[in-house]
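In: Provide a 3D model corresponding to the input given below.
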Amino acid sequence: MATPNYSYEKRQRELAKKRKTEEKRMRKANKGDGDAQAGDEGNNGEAGANADDAPAADGTPPAAP
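Out: Residues are numbered from 1 along each chain as shown. Next up, the predicted model:
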């Protein structure tokens, strides 16, 4: 049976921690931008797109109004 590579595991934990802190820093930096950033996240660059027009996550089409 192979022995565990503890230094590899430690490095992966360090990288994950670094990624998490960087994401947190970016969220804090974007928090001051206001609604301009919050509205663009799910829009995918399409003008006038809203959640009602998009298909559901399971692939079913949206319900008719």
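In: going forward, measure contacts between C-alpha atoms and count neighbours the same way
Out: OK.
In: count of neighbours near Thr3?
Out: 5 (other Cα atoms under 10 Å).
In: tell me the SS of it?
Out: Under DSSP: H, G, I helix; E, B strand; the rest coil, Thr3 falls in the coil class.
In: which regions of the chain sit below the pLDDT cut-off?
Out: Applying pLDDT under 70 to the chain flags the ranges 34-57, 59-65.
In: which strands and helices sit next to the lengthiest helix in it?
Out: Using DSSP state H, we find that the single longest helix of the chain is helix 6-31. Using 3 or more Cα pairs under 8 Å, 6 or more residues apart in numbering; DSSP states H and E as the contact criterion, helix 6-31 has no neighbours among helices and strands.
In: just give me the neighbour total for Lys24.
Out: 12.
In: likewise for the one 5 residues further on?
Out: Neighbourhood size, Ala29 [other Cα under 10 Å]: 10.
In: state the distance from it to Glu22.
Out: 10 Å (Cα to Cα, to the nearest Å).
In: likewise Gly32?
Out: Gly32 sits at a distance of 16 Å from Glu22 (criterion: Cα to Cα).
In: and those two? which has more neighbours close in?
Out: Taking neighbours as other Cα under 10 Å, Gly32 and Glu22 compare with Glu22 leading, 12 against 9.
In: enumerate every residue touching that one.
Out: Contacts for Glu22 (Cα atoms under 8 Å, 6 or more residues apart in numbering) come out as none.
In: how much space separates it from Asp58?
Out: Applying Cα to Cα to Glu22 and Asp58 gives a distance of 32 Å.
In: same check, this time on Thr21
Out: On the measure of Cα to Cα, Thr21 and Asp58 end up 32 Å apart.
In: what's the answer for Ala29, then?
Out: When distance is defined by Cα to Cα, Ala29 is 33 Å away from Asp58.
In: ok, Tyr8 next?
Out: Counting by Cα to Cα - Tyr8 and Asp58 are separated by 37 Å.
In: ok, now Pro4?
Out: Plainly put, Pro4 is 40 Å away from Asp58 if you go by Cα to Cα.
In: just Ala2 next, same as before
Out: From Ala2 to Asp58 the distance is 41 Å (Cα to Cα).
In: ok, now Lys28?
Out: Between Lys28 and Asp58 the computed distance is 32 Å (Cα to Cα).
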